[in-house]
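# predicted model, plus sequence, below.
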Amino acid sequence: MSLHDRIPEPLRVGDEVVAITMENEVEVYPTSDYVLLEIAPGAGRINVGKIAATVHNLVKNDRRMVAIRGYGFKGVGLSVRVAHEIKKREKRFIYQMAFDTFDAADSEGKPHTSIQIVIMPPEDEKKNSS
């Protein structure tokens, strides 16, 4: 099974334009299947290290899937910085990441190139041998 096949349906981005409905610079949406973190196109300074540590713990310790969506220039850059910090934390635990780009529009209809990075724990060996 490919990494993209493991992504839950609500996180699959296609050709449609995603509406940006955020009220804060960073929003977190936990679900039973994954945690979605969104970073706004006008985000200011955020604590990348703290966010990376939280995502690291969710993926490694809780074995949760985490999706980071960054909108616009700043959101994309900050999302990639978070993913980079997570990769730097790898020691014996190896993450699997799927990257997708998509188009989004804010409430005024302004288009934003965006990225989604889905970070997931490796599949269990038992599941692979079934």
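Yep, it's here.

# what's opposite the spatially most central residue of the chain in the beta bridge?
Per Cα atoms, centre = their mean, the C-alpha nearest to the average position across the chain is that of Ile68, at 1.8 Å. For Ile68, the beta-bridge partners are Leu37, Ile117 (DSSP bridges).

# isn't it up against Gln116?
Yes: using Cβ atoms under 8 Å, Ile68 and Gln116 qualify as a contacting pair, with a distance of 7.1 Å. Just so you know, the C-beta spots here come from the backbone N, C-alpha and C atoms, and that holds for glycine as well.

# follow-up on the earlier one: residues contacting the residue nearest to the centre of the chain?
Ile68 makes contact with Leu37, Glu38, Ile39, Val55, Ser79, Val82, Ala83, Gln116, Ile117, Val118, Ile119, according to Cβ atoms under 8 Å, 6 or more residues apart in numbering.

# likewise for Asp62?
So Asp62 contacts nothing (Cβ under 8 Å, 6+ apart).

# next: Asp106.
Ile20, Pro41, Tyr71, His112.

# how many residues are close by Gln116?
22 (other Cβ atoms under 10 Å).

# ok, Ala67 next?
25.

# tell me who's in contact with it.
Counted by Cβ under 8 Å, 6+ apart, Ala67 has contacts Ile7, Leu11, Tyr34, Val35, Leu36, Leu37, Gln116, Ile117, Val118, Ile119.
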